[in-house]
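[1] Just the structure for this:
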Amino acid sequence: MQTTVRSPIALSGVGLHSGRPVRMTIRPAGADTGIRFRRTDVNGRAGLVPARWDAVVPSRLCTRIANAQGTEVSTIEHLMAAFAGSGVHNALVELDGPEVPVLDGSAAPFVRAILGTGLRRLEAPLRALEVQSVVEMADGEAWARIEPAEVPAVEVSIEFDDRAIGRQGGSLELVGGNFVHQLSDSRTFCRLADVDAMRAAGLALGGSVHNAVVVDGARILTPGGLRHADEPVRHKMLDVVGDLSLAGAPLIGRYVGHRPGHALTNRLLRRLFAAPGAVRRVVCPPALAGRLPGAGVGLSDLAAIA
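    Residues are numbered from 1 along each chain as shown. Here you go, the predicted structure:
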């Protein structure tokens, strides 16, 4: 069965890149509507933006979507990961500005709010997208591929000169509560050397050591240090989960990437849907539905991200 949130969820914070205050409300939505954003500061249907792979527009350092009228919503990846990892298939997200609040830089505050409110099952079958063949995409040293698998899974490797990060790799089958337990609390990260350049470009204006892991060589500048020894690669995996959720349905396949970014993952999705026979839509049988991300997750799982 498809799901939506049981009741409205109100959250507020600042936009990571804009630095502006944002008020957001996640509302229940009907079956087969998927995830949609509504800009309350834009009149009428021009404010409605679907969270889909083909609505993604070029952006630096985040995932941004836009509708045919040019209305945009940016930095959606952590919230989308929270929806996917918590098993939310339909929701309407209202925003009074162009960017989702960053909160602590991870998906955990969104997951905590979703699980605290609970989900409502809808009387409609759950459909998924099964990957049928290998599809690949490369951009310089970065590359990614998606391949057939029995359950959703992600494997990512990263490499940075800063010794606080260095080379890291991780893999995870995205079944049940694995996203909630293993990935959801991992925060976005950046190098201190890049902060001035980002701000000069009008980016990361709302970023700080309180909503990101900031590294400088071998030092972690964020108070309290890392939540996991490999928190950076876990966050990269979190980003992948959010970006793949723009497929519009649970994607049954294994994603493997080296130094992937938001743009590369979106280009991979576009190639997947353009390749004849590379993916097929199926109605989830109970055995498969019980192994999808978020299946069986509830209030008891909040302790993992408290």
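[2] which residues in the stretch 101-250 of the chain form helices?
    108-117, 178-182, 192-200, 231-244 (DSSP state H, counting those that start in this stretch).
[3] Of those, flag the one that's most buried.
    Across the helices of the stretch 101-250 of the chain, the average number of neighbours (mean count of other C-beta atoms under 10 Å) peaks for helix 231-244, which reaches a mean of 26. (Each C-beta comes from the backbone N, C-alpha and C, glycine too.)
[4] Low-confidence stretches in this protein?
    203-205, 306 (pLDDT under 70).
[5] quick check: domain ranges of it?
    Here the domain parsing of the chain from automatic domain parsing is 2-122, 127-305.
[6] Can I get the helices of the stretch 101-250 of the chain in CSV including distance to residue 274?
    Shown next, in CSV, are the helices of the stretch 101-250 of the chain (distance: least, C-beta to C-beta, whole Å):
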stretch, distance to residue 274
helix 108-117, 31
helix 178-182, 28
helix 192-200, 32
helix 231-244, 16
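[7] With respect to residue 151, which of those lies nearest?
    Among those, the nearest to residue 151 by C-beta to C-beta is helix 178-182 (9.9 Å).
[8] how far is that closest one from where the chain is centred?
    13 Å (C-alpha atoms, centre = their mean, to the nearest Å).
[9] Residue 137 and residue 300, how far apart?
    Distance check for residue 137 against residue 300: by C-beta to C-beta, to the nearest Å, it reads 39 Å.
[10] who's more crowded, those two?
    residue 137 (21 against 10; other C-beta atoms under 10 Å).
[11] What's opposite that one in the beta bridge?
    Beta-bridge partners for residue 137, by DSSP bridges, are residue 144.
[12] residues touching it, list them.
    143-145, 264, 267-268, 271 (C-beta atoms under 8 Å, 6 or more residues apart in numbering).
[13] Quick check: the spatially most central residue of the chain vs residue 159, distance?
    Centroid-nearest residue in the chain: residue 242, 2.0 Å away (criterion: C-alpha atoms, centre = their mean). Going from residue 242 to residue 159 by C-beta to C-beta gives 22 Å.
[14] and if you look at residue 271?
    Taken as C-beta to C-beta, the span from residue 271 to residue 159 is 24 Å.
[15] Looking at the two, which is more packed in?
    When residue 271 and residue 159 are compared on other C-beta under 10 Å, the one with more neighbours turns out to be residue 271, at 16 against 13.
[16] now the more buried one, nearest residue through space, not along the chain?
    In space, and not counting its chain neighbours, residue 271 is closest to residue 135: 5.3 Å by C-beta to C-beta, 6 or more residues apart in numbering.
[17] residues in contact with that neighbour?
    Listed by C-beta under 8 Å, 6+ apart, the contact set of residue 135 reads 145-147, 268, 271-272, 275, 278.
[18] export those residues to TSV and tack on distance to residue 155?
    Below are the contacts of residue 135 laid out as TSV (distance: C-beta to C-beta, whole Å):
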residue	distance to residue 155
145	10
146	11
147	10
268	14
271	19
272	17
275	21
278	19
